Each structure stands twice: as C-alpha cells, then as structure tokens.
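A.B. asks: no FASTA, just this:
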C-alpha cells in the first residue's frame with residue numbers, strides 16, 4: 001500500500017468508528033438533537049465505510065484473483 005492509500009484507509013476507519021460512536025450516543029437530548037446525531041452518525045459511518053472499501057480496493061486487497 002502506498003502512503004496515500006494508508007492515509008485514506010486510516011481516515012476511513014476513524015470516520016467509521018466516530019460515526020458509530022455518535023450513533024451510540026444518540027439516545028440523550030431532545031428529539032431534534034437525537035435526530036441530528038443519528039443523521040450525522042449515519043453519514044460519518046457511511047463515509048468511513050466507503051473510504052475504507054475504496055482504499056482496500058485500490059490496494060488490490062478485495063479483488064478475487066482468478
């Protein structure tokens with residue numbers, strides 16, 4: 001993996017974990033605060049998952065070698 005791919009992978013993992021942490025904390029607060037936390041947590045987790053999969057795909061770690 002190149003340095004750029006490692007950076008993209010680490011940003012993806014941090015965003016994924018951060019989004020899941022925000023989702024776990026979404027039970028407190030008013031209804032609008034819970035709603036906003038769920039949206040932000042879901043979007044961060046989706047961004048993190050996409051970056052992680054993209055970085056692994058660029059590195060050739062996900063391809064089926066035929």
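C.D. replies: Done, it's in. Here the structure is a predicted model, which means the values were calculated and not measured. Numbering: from 1, shown residues only.
A.B. asks: Next, the contact list for the spatially most central residue of the chain, please.
C.D. replies: In the chain, the residue lying closest to the centroid (C-alpha atoms, centre = their mean) is residue 48, at 1.8 Å. Residues in contact with residue 48, defined by C-beta atoms under 8 Å, 6 or more residues apart in numbering, are 11, 12, 13, 14, 15, 16, 17, 18, 19. C-beta: built from backbone N, CA, C; applies to glycine.
A.B. asks: Residue 9 too?
C.D. replies: Contacts of residue 9 (C-beta under 8 Å, 6+ apart): 1, 51, 52, 55, 56.
A.B. asks: so the first one touches residue 59, yeah?
C.D. replies: Yes. Between residue 1 and residue 59 a contact is recorded at 4.7 Å, counting by C-beta atoms under 8 Å.
A.B. asks: if we can go back for a sec, what's the closest of the contacts of residue 9 to residue 39?
C.D. replies: Nearest to residue 39 among the contacts of residue 9: residue 51, at 18.6 Å, using C-beta to C-beta.
A.B. asks: Next, count neighbours for that closest one.
C.D. replies: Other residues lying near residue 51 total 19 when counted by other C-beta atoms under 10 Å.
A.B. asks: So in this structure, which helix runs the longest?
C.D. replies: helix 31-58 (DSSP state H).
A.B. asks: May I see the buried residues of that helix?
C.D. replies: Neighbour counts using 16 or more other C-beta atoms under 10 Å place 37, 41, 44, 45, 47, 48, 51, 52, 55, 56 of helix 31-58 among the buried residues.
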